[in-house]
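K.L.:
below is the sequence, then the predicted model.
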Amino acid sequence: MNTLFVKNMVCNRCIMVVQHELDKLGIAAKSVKLGEVSLTDELSVEQKDALKQALNPLGFELIDDKKSRTIEKIKNIIIDLVHHRDNDAKTNLSDVLSDRLNHDYNYLSNLFSEVEGTTIEKYFIAQKIEKVKELLVYDELSLSEIAYRLNYSSVAYLSNQFKKVTGLSPSHFKQIREDKRKPLDKV
């Protein structure tokens, strides 16, 4: 097994932290990306245990079973689409997931719902709303620019979805900024 799957890697900082832990343990990696580490050599049982012990206190977890790896891949694709590829996903989310994971969307959707207790669509919306919150706090873009960046069909649709999820209108949220953002892995 030259690929490890790591749960809760959601940003570039997570990648740097995991890379740092690998370096500290003397484990050579070809690449470290969201949720996945490609190793140059196979790990011994001792190395794998040491890595688990190093990552767990930092909020990361090595994933061994296939279902959990698939769920983590779904989450990482959605996080990447929403938080790192502004306005890049003009295509249907179900098509993106099916293409990238080589599985039928119905299988992915049922698996996600079974394991996570929510739908892929709700998770996707939650990520988009967190991105909207972030962009509102930065105060650099208008609501219409945010709607365009996140592929909403209109400002009204974004506002309605935002209010449905947060209980606040985007303008009210902006006024009371003390609403703390959730870490991406808690969405």
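P.N.:
Arrived safely.
K.L.:
which residue packs closest to the residue minimising distance to the centre of the chain, ignoring adjacent ones?
P.N.:
Centroid-nearest residue in the chain: I79, 3.1 Å away (criterion: Cα atoms, centre = their mean). Spatial nearest neighbour of I79, chain neighbours left out: V10 (5.4 Å); criterion: Cβ to Cβ, 6 or more residues apart in numbering. Just so you know, the C-beta spots here come from the backbone N, C-alpha and C atoms, and that holds for glycine as well.
K.L.:
element containing that neighbour, please.
P.N.:
Using DSSP states H and E, V10 sits in no helix or strand.
K.L.:
same check on V32?
P.N.:
V32 belongs to strand 29-33 when assigned by DSSP H and E.
K.L.:
buried residues, that strand. List them.
P.N.:
Of all the residues in strand 29-33, those buried under the rule 16 or more other Cβ atoms under 10 Å are A29, V32.
K.L.:
which neighbouring elements make contact with that strand?
P.N.:
helix 12-24, strand 36-39 (3 or more Cβ pairs under 8 Å, 6 or more residues apart in numbering; DSSP states H and E).
K.L.:
burial of K73, as a residue count?
P.N.:
20 (other Cβ atoms under 10 Å).
K.L.:
residues contacting it?
P.N.:
Residues near K73 by Cβ atoms under 8 Å, 6 or more residues apart in numbering: F5, G35, R100, L101.
K.L.:
what confidence value was assigned to the third one?
P.N.:
Right, the one you point to is R100. Per-residue pLDDT puts R100 at 92.
K.L.:
surely K48 touches L62?
P.N.:
Yes - contact criterion Cβ atoms under 8 Å: K48 and L62 qualify, at 7.2 Å.
K.L.:
anything in contact with each of the two?
P.N.:
With Cβ under 8 Å, 6+ apart, K48 and L62 have no common neighbours.
K.L.:
which residues does the nearest residue to L150 once chain neighbours are set aside contact?
P.N.:
Distance criterion Cβ to Cβ, 6+ apart; nearest residue to L150, sequence neighbours excluded, is K128 at 5.5 Å. By Cβ under 8 Å, 6+ apart, the residues touching K128 are V82, L150, Q161.
K.L.:
host element of K128?
P.N.:
For K128, the host element (DSSP H and E) is helix 120-138.
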